[in-house]
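>>> structure for this input, please:
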Amino acid sequence: MSEQKLLTSGFRITIMKDSHGYGYEVESDGKTSNGLTWDEMIGQIAFMTVPQGLNPGHKPLYSMRTMAEWEEWKRRISRR
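Sure, this is the predicted structure:
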């Protein structure tokens, strides 16, 4: 069996209700998701906590951005 890279001891995930009170935000390392449903929030956390050896590429299922990145994203999509 190959060696798997485990999560670092400093890894932290925070779950909170989103600012509208309808969904959830998952925050880690200064980045947050935006308005996930309950099952999306559970999936995001599960994906983020799987050892990297089992999850090549190790990218979250849903976007994780800083607040500034979210504002820029909102500006870009509002111009479409």
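>>> which strands and helices sit next to the helix or strand of the chain with the lowest mean pLDDT?
Lowest on mean pLDDT, DSSP states H and E among the helices and strands of the chain sits helix 38-49, with a mean of 88. Packed against helix 38-49 by the contact rule (3 or more CB pairs under 8 Å, 6 or more residues apart in numbering; DSSP states H and E) you find strand 24-28. All C-beta atoms are positioned from the backbone trio N, CA, C, and that covers glycine.
>>> and the average pLDDT for the strand it packs on is what?
For strand 24-28, the mean pLDDT works out to 91.
>>> what distance separates the next helix or strand after that strand from the centre of its chain?
Sequence-wise, the next helix or strand downstream of strand 24-28 (DSSP states H and E) is strand 31-32. Distance of strand 31-32 from its chain centroid, counting by CA atoms, centre = their mean, to the nearest Å, is 6 Å.
>>> elements contacting strand 31-32?
Short answer (3+ CB pairs under 8 Å, 6+ apart): strand 31-32 packs on helix 67-78.
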